[in-house]
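Colleague: I need the structure of the sequence given here:
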Amino acid sequence: MKNTDKILAEICMPTSDLRADLAFFGNTLGMRLDMIYPADDPSVAVYSGHGVRVRLEQGTATPGHLRILTDDADFAEGRTTMTAPGGTRVTVAPLNPPLVLPQTEHAFVVRRLADQAPWVIGRAGMEYRDLIPNRLGGSIIASHIRIPDGGPVPDMVHFHKVGFQLIFCYRGWVDVVYEDQGPPIRLTAGDCFIQPPEIRHRVLEASDGIEVIEIGVPAEHVTEIDHDMVLPTAHLRPDREWQGQKFVHNCAKDAVWVPARLPGYTCRDTTIGQNTQFVAGVQVLRPDTGAGAPVWAAHDADIHFTFVMEGRMTLQGDDGSAQLLTAGDAFVIPPGMRTCYADPSADLSLLEVALPGKFATALH
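Modeller: Residues are numbered from 1 along each chain as shown. You can find the predicted model right below:
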């Protein structure tokens, strides 16, 4: 890699009035003048500050746009939109804007693998398949993610500004390293991670054909790269909290199966509810022939998402629908809608994600 210590990058901004801009960029925006020429009739001035280097050039081109991020309410006397004398448009936005959780637009959604929804190339070369096309008004994103060819993943230390995020390993394995959680952790099929808001992490390596289910709330959230943190970190702090949530590594091999909220099924809890203060709950369901036949039920959760991992079932709805679902399919049931998970195959396995983690189920 080349040494970049002696390389500078400048953002070129045309200006129609360089002389007037000198006071604006220096006094109003509080930037530092680094260079100006020619001395007798300046046509170029270079300013630096707020993490950028701006080159103002006298000319007639379309003015540029400079966006400044700060949580200082007094910056530029509180103004959020300005225009420099030479035409540059300036907007001021929060450095750390609050996370906005959109109101859920409830809908009954079924997404079938057989419908051949497109796989798209996303971050770090991974392939993404959208499991909730309408994203319930922006309140949630559910992605089926795969890496066909295993090996090292071209990832960087990063974090997500989210309210809740689940990584559930569906096929294969993946190695990930997390802030304050010790050496790299291998996630294998049936295991899951909860990535608390803004925990730094990096995906290291994956098996051939790795597939995971990733849930994020809200649907649109920011991923930021941390260029300074080196993982693993020196300290092991398994009980650390990020915005009230703890990191969770739940292993399928340690599962304890108990009666599920739905008759006819048993479940294993991933401990995600208690470790997120019940922001969300995640369980795996499978049939239990000794617990009776499946019945009609409704829930009052704001969001209730299910992914069919193995087997098949018929999802019956109180709208008269009856849909055969198989491995790779997903569905969302809105609150108050009565459904029945009928005719389950013996190998049926369901990943159930609910927000909030505590909700009521009414049997009919």
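Colleague: and the strand or helix carrying residue 203, C-alpha only, in CSV?
Modeller: Using DSSP states H and E, residue 203 sits in strand 201-206. Only the C-alpha atoms of strand 201-206 are listed here, as CSV (Å, rounded to 0.1, in the frame of the first residue of the first chain):
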residue,chain,number,x,y,z
HIS,A,201,-17.6,-5.9,14.5
ARG,A,202,-16.0,-7.4,11.4
VAL,A,203,-16.9,-10.5,9.4
LEU,A,204,-13.7,-12.5,8.9
GLU,A,205,-14.3,-15.7,7.0
ALA,A,206,-17.2,-17.9,5.9
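Colleague: which other helices and strands contact it?
Modeller: Applying 3 or more Cβ pairs under 8 Å, 6 or more residues apart in numbering; DSSP states H and E, one finds that strand 201-206 makes contact with strand 151-152, strand 158-161, strand 173-178. (Glycine included, C-beta is placed from N, CA and C.)
Colleague: so what touches that strand?
Modeller: Applying Cβ atoms under 8 Å, 6 or more residues apart in numbering, the contact partners of strand 201-206 are 124, 147, 150-153, 155-159, 172-179, 184, 195, 231.
Colleague: could you do stretch 314-323 as well?
Modeller: So stretch 314-323 is contacted by 108, 110, 296, 324-325, 331, 337-343 (Cβ under 8 Å, 6+ apart).
Colleague: and the end-to-end length of it?
Modeller: End-to-end distance for stretch 314-323: 5 Å, by Cα to Cα, to the nearest Å.
Colleague: same deal with stretch 69-79?
Modeller: Criterion Cα to Cα; first-to-last residue distance in stretch 69-79 is 12 Å.
Colleague: in it, what counts as buried?
Modeller: Across stretch 69-79, burial judged by 16 or more other Cβ atoms under 10 Å covers 75-76.
Colleague: and that stretch, what's its mean pLDDT?
Modeller: For stretch 69-79, the mean per-residue pLDDT is 94.
Colleague: and what of stretch 102-117?
Modeller: Here the average pLDDT along stretch 102-117 is 92.
Colleague: repeat that for stretch 217-225.
Modeller: Stretch 217-225 carries an average pLDDT of 92.
Colleague: with stretch 308-315 instead?
Modeller: The model assigns stretch 308-315 a mean pLDDT of 98.
Colleague: over to stretch 324-331?
Modeller: The model assigns stretch 324-331 a mean pLDDT of 97.
Colleague: residues of that stretch that come out buried?
Modeller: So for stretch 324-331, counting by 16+ other Cβ under 10 Å, buried means 325, 328-331.
Colleague: what do you get for stretch 335-342?
Modeller: Under 16+ other Cβ under 10 Å, the buried positions of stretch 335-342 are 337-342.
Colleague: show me what the helix or strand bottoming out on mean pLDDT in the chain is in contact with.
Modeller: Within the chain, no helix or strand scores below strand 120-121, which has a mean of 84 by mean pLDDT, DSSP states H and E. Here strand 120-121 makes contact (Cβ under 8 Å, 6+ apart) with 127-129.
Colleague: now it: how far from the chain's centre is it?
Modeller: 16 Å (Cα atoms, centre = their mean, to the nearest Å).
Colleague: ok so, going back, buried members of the contacts of strand 201-206 into ChimeraX, please.
Modeller: Typed into ChimeraX, the line below selects the buried ones among those, using 16+ other Cβ under 10 Å:
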select :147,153,155,157,158,159,172,174,175,176,177,178,179,184,195,231
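Colleague: just checking, residue 348 touches residue 324?
Modeller: No - if you go by Cβ atoms under 8 Å, residue 348 and residue 324 don't touch, sitting 12.0 Å apart.
Colleague: so what sits against both of these two?
Modeller: 312-313.
Colleague: which parts of the longest helix seen in the chain are buried?
Modeller: Longest helix in the chain by number of residues (criterion: DSSP state H): helix 18-23. Applying a neighbour-count criterion of 16+ other Cβ under 10 Å, one finds 18, 21-22 buried in helix 18-23.
Colleague: same thing with stretch 252-260?
Modeller: Of the residues in stretch 252-260, residue 260 count as buried by neighbour count, 16+ other Cβ under 10 Å.
Colleague: starting at the chain centroid, how far to that stretch?
Modeller: 27 Å.
Colleague: which residues sit against it?
Modeller: With contact meaning Cβ under 8 Å, 6+ apart, stretch 252-260 is reached by 188-191, 265-269, 283-286, 288, 291.
Colleague: mean confidence for it?
Modeller: 93.
Colleague: how long is that stretch end to end?
Modeller: 17 Å.
Colleague: where in this protein is pLDDT low?
Modeller: 1-5, 123-125, 291 (pLDDT under 70).
Colleague: just the element for the residue of the chain most remote from its centre, please.
Modeller: For the chain, the C-alpha farthest from the mean C-alpha position belongs to residue 40; by Cα atoms, centre = their mean, that distance is 53.7 Å. According to DSSP H and E, residue 40 maps onto no helix or strand at all.
Colleague: just how off-centre is whichever strand or helix holds residue 33 within its chain?
Modeller: Assigned by DSSP H and E, residue 33 belongs to strand 32-37. Centre-to-centre, strand 32-37 and its host chain are 41 Å apart (Cα atoms, centre = their mean).
Colleague: no further questions, thank you.
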